[in-house]
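1. one predicted model, sequence on top.
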Amino acid sequence: MITQPEEAKIETLKKVSLQNERPVSRRAIISIITGIVLLLILVHIGFSKTYIRHFPGFADYVRPNGRKIHFTWVMHFHGMMMMGWVLMLLLQPILILKGKIKWHRRVGTLSYVLAPLVLLSMWLITRGRFLEFLGLQGYTAAVANLSLNVPNIVFFALFYFLAIYYKRQPHLHMRFMCSTAFPLIGPGLARIFTSYLEFDREYAASTVRIITVLIAAAITISDSVRTKRISPFALVLGLMLLHAILWELRYTPFGQSVWGVVAKMF
């Protein structure tokens, strides 16, 4: 027979267990879901003119700026991997919201395969762009362009590594996993600026860097105020700011020397 004190102890243990299973509030989870949905909309709009509308034939075409586009298997592979990652980011908080913690963990194990494939696709697409720039605009421009894409590869890998490293600390795991979405903001947003607003490519890239920094700053400040401590998103903010600086320095002797070393990997 279970005594009243033992019942109270069991009830306390259940509450602690529930808190560990659902480490963030319902409101926070809904905010995450909303953010990922907005990212999906951004990506869809951004890539609508340059990729989505060409489905399923994907015939070659010439952009208004005169650049001829030939769709390759690398583009399709990259697109599928990135979309798969965003959908996984969307599914995970939905599972938590519904209390499907075991399924959340099962889906999470898929990231052990998907994350390396995402990184591979990012490297392949970056290599393709580097070789394209090398042929059309020369070595200096090709090296400078690496400052746009290579940091995203490094940041994605770092955020994912931290998310896995802190998988037993949900408050950190959740934040770093969400941070893997930041490298995905730029490509979609840049294409909106160039395809719809007809921004110059380099001006669009600079604008995107500023907007990404502002988004990271807003999230960092909001999370820090809510938790009353420095948010892990401060790391994201720092890296987004670093990315913006590296982009602006791409044609300087420093930038050319740094990215010249990186270019040897391609």
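-> Looks like it came in fine. Residues are numbered from 1 along each chain as shown.
2. list the buried ones in the strand or helix carrying residue 244?
-> Here residue 244 sits within helix 233-248, counting by DSSP states H and E. For helix 233-248, a neighbour-count test (16 or more other CB atoms under 10 Å) marks 233, 234, 235, 236, 237, 239, 240, 241, 243, 244, 246, 247 as buried. Backbone N, C-alpha and C define where each C-beta goes, glycine included.
3. pretty sure the second one sits against residue 224.
-> Yes - because the distance of 7.4 Å satisfies CB atoms under 8 Å, residue 234 is recorded as touching residue 224.
4. the stretch 151-266 of the chain: helices as residue ranges?
-> 170-179, 182-195, 201-227, 233-248, 253-263 (DSSP state H, counting those that start in this stretch).
5. I'd like those helices laid out as TSV, including mean pLDDT and distance to residue 77.
-> Listed next are the helices of the stretch 151-266 of the chain as TSV, based on pLDDT from 0 to 100; distance: least, CB to CB, whole Å:
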stretch	mean pLDDT	distance to residue 77
helix 170-179	92	23
helix 182-195	92	15
helix 201-227	94	23
helix 233-248	96	24
helix 253-263	95	22
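6. any chance of those helices in a markdown table, plus distance to residue 115?
-> Listed next are the helices of the stretch 151-266 of the chain as a markdown table, based on distance: least, CB to CB, whole Å:
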| stretch | distance to residue 115 |
| --- | --- |
| helix 170-179 | 10 |
| helix 182-195 | 12 |
| helix 201-227 | 21 |
| helix 233-248 | 17 |
| helix 253-263 | 21 |
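7. so what's the residue count around the closest residue in space to residue 146 that isn't next to it in sequence?
-> Closest residue to residue 146 apart from its sequence neighbours, by CB to CB, 6 or more residues apart in numbering: residue 259 at 4.5 Å. Residue 259 has 22 neighbours, counted by other CB atoms under 10 Å.
8. look up how far residue 37 lies from the closest residue to residue 188 other than its chain neighbours.
-> Closest residue in space to residue 188, ignoring its immediate chain neighbours: residue 46 at 3.3 Å, by CB to CB, 6+ apart. Here the criterion is CB to CB, to the nearest Å. By it, residue 46 lies 15 Å from residue 37.
9. ok, the two, which is more surrounded?
-> Ranked by neighbour count (other CB under 10 Å), residue 46 and residue 37 place residue 46 first, with 23 against 12.
10. sounds good, over and out.
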